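J.: Sharing a model prediction with you, sequence too.
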Amino acid sequence: MVAFTSVAFAATTLLGVTAAAPKHIRSTGVVHRITAGSTALAANGLRFDPENIVAEIGDLIEFSFLPKNHTVVQSSFDKPCEPLASDNGVFSGFNFATAQGLSNNTFVFEVKTKEPFWYYCSQTVGNHCQMGMSGVVNQNFDGGKTLAKYKENSKGTVTVQPSADKLKSQIGEIKPRKEL
Ligand SMILES: [Cu+2]
């Protein structure tokens, strides 16, 4: 009886994994670790660090969070501090508030394309995005769409939240942070 239950559970798990797997993306095992918030005095800590990285399809991007209740929101280059119009971009939710040091959880998502992935912090107390708290994965280094330009264009914008539910997260996963 016990054995039968185990087999049934295993089959269910297998089906779940198969259904959730993205189409033909092979995991590389590479994890890029980014800190939301900086301990450096520059910009009052309102930075992602590192904020401009190159990643391969199948790599993981993992965000750890310092104080000031930061988020990660996917955006387009053309509309800084706003989520994707399609409403199906990455959003961490406001799930990582910490009084001191790094939050206990991380936010992780997989790189699915080599297209530039723009993102910002949607914390409005202190206008983090307008202050330059944004970043990019796989910027096109040949054109004018640079992170510096994104930050410049951020000034004077109004931050838009991806969801009325501040704790909602989508695309990525919330996972316990492991000490390195
Ligand atoms: Cu922030």
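T.: Perfect, I can see it now.
J.: residues in contact with residue 166?
T.: Shown in contact with residue 166 (Cβ atoms under 8 Å, 6 or more residues apart in numbering): 93-94. All C-beta spots, glycine's among them, are computed from the backbone N, C-alpha and C.
J.: What of residue 155?
T.: residue 130.
J.: one more time with 10 Å, if that's ok
T.: 80-81, 127, 129-132 (Cβ atoms under 10 Å, 6 or more residues apart in numbering).
J.: out of these, which are inside strands?
T.: Using DSSP state E, no member of these sits in strands.
J.: Need the buried ones from those residues selected in PyMOL.
T.: Buried residues among these (16 or more other Cβ atoms under 10 Å), as a PyMOL selection:
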select buried, resi 80+81+127+129+130+131+132
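J.: Just put the contacts of residue 155 in CSV and tack on pLDDT and distance to the ion.
T.: As requested, the contacts of residue 155 are exported to CSV (pLDDT from 0 to 100; distance: Cβ to the ion, whole Å):
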residue, pLDDT, distance to the ion
80, 98, 14
81, 98, 11
127, 97, 9
129, 98, 8
130, 98, 11
131, 96, 8
132, 96, 10
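J.: Quick check: of the contacts of residue 155, which lies closest to residue 163?
T.: Residue 163 lies nearest to residue 81 out of the contacts of residue 155, by Cβ to Cβ, at 15.2 Å.
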